[in-house]
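*Asks:* Please work out how this folds:
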Amino acid sequence: MKTVSSMRWAMVLAFACCSLAFAEPLRFARIAGIPDQYVGGEILKAVYAHLGIPIELVDMPRSAR
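*Replies:* Predicted coordinates:
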């Protein structure tokens, strides 16, 4: 049975290997004007930067209801 630590390392290695295949940055959309979306985007930036995968965050306007 694998430990949680070894599974984390396996995930990190998988992402690191996949990062070599990305010539373009990954694009994530977030809803503009919502603080939680901004915070989540900053977390994504930090995590993907740590893995060496470039990302781009695109702010999308809220839909009017």
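*Asks:* show me where pLDDT drops low in this protein?
*Replies:* 1-4, 13-22, 64-65 (pLDDT under 70).
*Asks:* go again using 50 as the cut-off
*Replies:* Along the chain, segments meeting pLDDT under 50 are nowhere present.
*Asks:* and the residue nearest the centre of the chain, how far is that from residue 24?
*Replies:* The centroid of the chain falls nearest to residue 44 when counting by C-alpha atoms, centre = their mean (3.9 Å). Here the distance between residue 44 and residue 24 works out to 16 Å (C-beta to C-beta, to the nearest Å). Glycine gets a C-beta too; all of them are placed from N, C-alpha and C.
*Asks:* which SS class is the closest residue to residue 30 other than its chain neighbours?
*Replies:* Nearest residue to residue 30, sequence neighbours excluded (C-beta to C-beta, 6 or more residues apart in numbering): residue 37, at 4.0 Å. Secondary structure, DSSP: H, G, I helix; E, B strand; the rest coil: residue 37 is helix.
*Asks:* do the same with the one 10 residues further on
*Replies:* Under three-state DSSP, the three-state class of residue 47 is helix.
*Asks:* Pull up the gap between it and residue 41, please.
*Replies:* For residue 47, the distance to residue 41 - C-beta to C-beta - is 11 Å.
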